[in-house]
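> Structural data only, the sequence is not supplied:
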Ligand code: ARG
């Protein structure tokens, strides 16, 4: 039965009631061969059309790729596709799940912008080759859904955090909750620069999250604080300029983050996390950074 929670008084479970989920062991990356800024579909892309240094982008991406390998994750690299300059942001075209029985499922996205719709079938092929059960949403029932850009798994728990307002419609979470048999905590996004949940919300471990508070409503913040006991806050400067919250912590210990997040990094280290800084400057021009340049898989 679908369970979508939008305020704390609807919360009828506590952290202890959540079922566990395995940590992902694989990471999907898409080569930035055709990455560029060719259109403007978020505020960060303004002024950057035609302004990407391709060689630099390639180098930045290679560093990330080797860091995932060093962390011990199995890295699956997919080719980019001509005509799809945003395909490198492979957190957006899908949302994978592993059931309690260990079966792998994936919900394919319905991209908000026409420019990105054609990326989805290429990513679907990766799942077909890895024997995932593929689920297509009935897009006549809602407008759009941008995968793990907006729907983020809690660390090792069967709980989804679902952002909505810019790229994903709130209604889709009823279907996702049903399909994955998981509760969804829906968080409304309020600022266009933080158009995906992964631009302002980064799950670090079971108890810790890194957020940019101004991107949420009061109800949303209350929900976040009712589940996470350790809420680390990014400043406006680091959240906007360096995409501090678009970090990733695949194992609950090591945080990969855009370089320059001095304040956030202090807070992360004080909380016991190991910080690894990366340059993703070319990708910031498109409104993305570390988190959305990968997809974690089982
Ligand atoms: N230019 C891409 C877009 O606007 C960037 C996507 C970044 N992805 C993310 N999950 N934040 O769609």
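Done, it's in. Note that this is a predicted model, so its numbers are computed, not measured. Numbering: from 1, shown residues only.
> What segments of the stretch 51-200 of the chain are strands?
74-78, 94-98, 104-108, 133-135, 151-153, 160-164, 184-188 (DSSP state E, counting those that start in this stretch).
> Okay, buried residues for stretch 115-133 please.
Under the neighbour-count criterion of 16 or more other CB atoms under 10 Å, stretch 115-133 has 115, 116, 119, 120, 122, 123, 124, 126, 127, 132 buried. Placement of C-beta: from N, CA and C, glycine included.
> From those residues, list the ones also adjacent to the ligand.
The subset of those within reach of the ligand, counting by CB under 6 Å from any ligand atom, consists of residue 116.
> For the closest residue to residue 180 other than its chain neighbours, give its distance to the ligand.
Closest residue to residue 180 apart from its sequence neighbours, by CB to CB, 6 or more residues apart in numbering: residue 97 at 4.7 Å. Shown here: residue 97 relative to the ligand, a distance of 18 Å by CB to the nearest ligand atom, to the nearest Å.
> Same question for residue 52.
11 Å.
> and that residue, what does it touch?
35, 36, 37, 282, 285, 286 (CB atoms under 8 Å, 6 or more residues apart in numbering).
> Buried subset of those residues, written for PyMOL?
Buried residues within these, by 16+ other CB under 10 Å, are selected in PyMOL with:
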select buried, resi 35+36+37+282+285+286
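> out of the contacts of residue 52, which are inside helices?
residue 282 (DSSP state H).
> what would the contacts of residue 52 look like in a markdown table with pLDDT and distance to residue 174?
Formatted as a markdown table, the contacts of residue 52 follow (pLDDT from 0 to 100; distance: CB to CB, whole Å):
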| residue | pLDDT | distance to residue 174 |
| --- | --- | --- |
| 35 | 98 | 34 |
| 36 | 98 | 36 |
| 37 | 98 | 34 |
| 282 | 98 | 37 |
| 285 | 98 | 35 |
| 286 | 98 | 31 |
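> what's around the one residue in the stretch 101-250 of the chain that gets nearest to the ligand, how many residues?
Ranked by CB to the nearest ligand atom, the top residue of the stretch 101-250 of the chain for proximity to the ligand is residue 149, at 3.2 Å. Residue 149 has 28 neighbours, counted by other CB atoms under 10 Å.
> and it, what does it touch?
Shown in contact with residue 149 (CB under 8 Å, 6+ apart): 89, 91, 92, 163, 167, 168, 196, 197, 198, 292.
> and the gap between it and residue 296?
Distance, residue 149 to residue 296, by CB to CB, to the nearest Å: 13 Å.
> can you check residue 55 too?
28 Å.
> So between these two, which is more surrounded?
Neighbours were counted for residue 55 and for residue 296 using other CB under 10 Å; residue 296 has more, 19 against 9.
> So the more buried one lies in a strand, does it not?
Yes. Judged by DSSP: H, G, I helix; E, B strand; the rest coil, residue 296 forms part of a strand.
> Hmm, it is touching residue 21, no?
No. The pair residue 296 / residue 21 is not scored as a contact, 11.4 Å apart, by CB atoms under 8 Å.
> returning to what we had before: same list, the strands of the stretch 51-200 of the chain, but as CSV with distance to residue 177 and mean pLDDT please.
Converted to CSV, the strands of the stretch 51-200 of the chain look like this (distance: least, CB to CB, whole Å; pLDDT from 0 to 100):
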stretch, distance to residue 177, mean pLDDT
strand 74-78, 28, 98
strand 94-98, 11, 98
strand 104-108, 11, 98
strand 133-135, 13, 98
strand 151-153, 10, 98
strand 160-164, 7, 98
strand 184-188, 5, 98
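> got a list of what residue 109 touches?
92, 93, 94, 95, 120, 144, 145, 146, 147.
> Could you measure from it over to residue 165?
Distance of residue 109 to residue 165, computed by CB to CB: 16 Å.
> If anything else comes up later, I'll come back, but that's it for now.
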